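In: all I have is the shape, not the residue letters:
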Ligand SMILES: Nc1ncnc2c1ncn2[C@@H]1O[C@H](COP(=O)(O)OP(=O)(O)OP(=O)(O)O)[C@@H](O)[C@H]1O
């Protein structure tokens, strides 16, 4: 058995080795430094930390290692709760805890939707040291079970914290409220993401214990090793370009792995079927698949049985698959931060990578928004148009056939049925949930309208004021207010 001192030493040595490796990986000298080396001293000192660093820069280790350090000093269960927006990411984080925490005899428990609730409840009652969870399922357990408690946790980690707070298609607000009501006020909170800045104000409300905020300072928000391109394509012939791109990678590279992002589950499924018809080893990952299928798809892609993963944004955050050399955006992301996370699935930990975004005539403004945010111009990716023309008809015919096949399989209907089934499995009434959702949407719409009205009135007032002074109002650059103290440990 390890003594506590031995364990403490082990985690410190692991951290040192890990950081040394990462620095070597970035021989170009990551001017922004390694996030773990910035936040860890404050964290060990007892302060809340908000860390914002580029994708693939080792944010997971920045919370796993110091937590293991603290756990070795005073081990008990449940010691730490990690929240994350997707199920796949929860498993990935748990894996890191397992690998690094093995000498400590670390017990972890993964609580995510789509898996057996009873088995999870049993695991929770065994007081694991670390619980890694998606908010929905953990909140369900809190509501339905009294066999475990998170009242005594010392650490709350929110990975991809901005996504957890966002009111996107999956809204975590209600579940987060339930979870935050169940954790102690006296705790240390750690919030990490590659895109924290937009939600900083909300996040600060969660981290009130002398929060230390660290943001990697770099002229460009994406990593240097990432070659970022756009390819202008007419909407109707997009898929022929996609097939052409993949064929080229296939011909030119021995060992290749690509992730393709799509905007809907249906497109994801149709394209997967289509690429398979062209004999590309493709596997799909989207929220309409059963959880076991999702895990199986990811495992097969990770082990290179399949070379192409075609996914919705369920795979856009956090997934760490070192073999991915190329990311293709089949649609231009509507939000720059989605772009940042998607393309961040390649060029990780100092490796090279390429991202190609298919841009149609309707998406030019989205590319400009992306370029503004990442502070870099995308370069054009050139293709042999004549070669694309040659496969155009064939690709369109195959795609249409796949669509018909999918429609015959009632994909849309299944989507509804699956949703209802899932809700029933979670002990919820699907009709009540639908009503709740509709009400929530109404409230959101009302809030939006109210905000717009306020904005409009303010603009009118401003314009009036400026008119009186006889000149146009000048746009004032927003002061970058330091969100929290950056003072070091005393
Ligand atoms: N010090 C280190 N030395 C070598 N490799 C490291 C080091 N720290 C992290 N890594 C590796 O770097 C990769 C990326 O790390 P991680 O997944 O934590 O990135 P991230 O910053 O969380 O990215 P994202 O924003 O996409 O979630 C992982 O494979 C991880 O094992």
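Out: Noted; the coordinates are in hand. Everything quoted here is computed from the prediction, not taken from an experiment.
In: show me where pLDDT drops low in the stretch 51-200 of the chain?
Out: Per-residue confidence for the stretch 51-200 of the chain (pLDDT under 70) gives these ranges: 168-169.
In: got the residues of it near the ligand?
Out: 53, 55, 56, 57, 58, 59, 60, 61, 194 (CB under 6 Å from any ligand atom). To be clear about C-beta, it is placed using only N, CA and C from the backbone, and glycine gets the same treatment.
In: can you show me the strands along this protein?
Out: Assigned strands in the chain, in chain order: 49-52, 80-83, 108-111, 130-133, 155-159, 188-193, 212-215, 226-232, 258-261, 282-285, 308-311, 326-329, 353-359, 379-380 (criterion: DSSP state E).
In: ok, the residues of the stretch 51-200 of the chain next to the ligand vs residue 270, which is closest?
Out: Checking these against residue 270 with CB to CB, the nearest one is residue 55 at 27.9 Å.
In: now the helices for the stretch 201-350 of the chain?
Out: In the stretch 201-350 of the chain, the helices defined using DSSP state H, counting those that start in this stretch lie at 238-252, 265-277, 291-302, 336-343.
In: what's the angle from the first one to strand 226-232?
Out: Angle, helix 238-252 to strand 226-232, by axes from the mean of the first three to the mean of the last three CA atoms, to 10 degrees: 140 degrees.
In: how far out from the middle of the chain is helix 238-252?
Out: Distance, stretch centre to chain centre, for helix 238-252: 27 Å (CA atoms, centre = their mean, to the nearest Å).
In: so that it lines up with my notes, have the first residue be 579 from now on.
Out: All set: I'll call the first residue 579, so the last point we hit is now helix 816-830.
In: helices or strands up against it?
Out: The contact analysis (3 or more CB pairs under 8 Å, 6 or more residues apart in numbering; DSSP states H and E) places helix 816-830 against strand 836-839, helix 843-855, strand 904-907, strand 931-937, helix 963-986.
In: which one of these lies closest to residue 1025?
Out: helix 843-855 (28.0 Å).
In: do me a favour and average the pLDDT over that closest one.
Out: Mean per-residue pLDDT for helix 843-855: 96.
In: would you mark the buried spots in that helix?
Out: Of the residues in helix 843-855, 843-855 count as buried by neighbour count, 16 or more other CB atoms under 10 Å.
In: domain map for this structure?
Out: Split into domains by automatic domain parsing, the chain comes to 582-793, 804-999.
In: need the helices and strands packed on helix 816-830 in JSON lines with distance to residue 657, can you?
Out: Below are these laid out as JSON lines (distance: least, CB to CB, whole Å):
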{"stretch": "strand 836-839", "distance to residue 657": "34"}
{"stretch": "helix 843-855", "distance to residue 657": "37"}
{"stretch": "strand 904-907", "distance to residue 657": "36"}
{"stretch": "strand 931-937", "distance to residue 657": "36"}
{"stretch": "helix 963-986", "distance to residue 657": "46"}
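In: so which elements touch the lengthiest helix in the chain?
Out: Determined from DSSP state H, the single longest helix within the chain is helix 1008-1047. Helices and strands touching helix 1008-1047, by 3+ CB pairs under 8 Å, 6+ apart, are helix 989-1003.
In: got the residues of the stretch 779-928 of the chain near the ligand?
Out: 896, 898, 900, 922, 926, 927.
In: and which of these is nearest to residue 1016?
Out: Using CB to CB, those come closest to residue 1016 at residue 896, 31.0 Å.
In: quick check: the closest one touching residue 660?
Out: No. Counting by CB atoms under 8 Å, residue 896 does not reach residue 660; the two are 11.7 Å apart.
In: any residues in contact with both of the two?
Out: Here residue 896 and residue 660 have residue 737 as joint contacts, going by CB atoms under 8 Å, 6 or more residues apart in numbering.
In: which of the buried residues of helix 843-855 lies closest to residue 1012?
Out: Of all those, residue 843 has the smallest distance to residue 1012: 18.9 Å, by CB to CB.
In: rewinding a little: need the buried ones from the residues of the stretch 779-928 of the chain next to the ligand selected in PyMOL.
Out: In PyMOL, this line selects whichever of those come out buried by 16+ other CB under 10 Å:
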select buried, resi 896+898+922+926
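In: between the residues of the stretch 779-928 of the chain next to the ligand, which is nearest residue 962?
Out: Of all these, residue 962 sits closest to residue 922, with 29.2 Å by CB to CB.
In: that's all I had, so thanks and see you.
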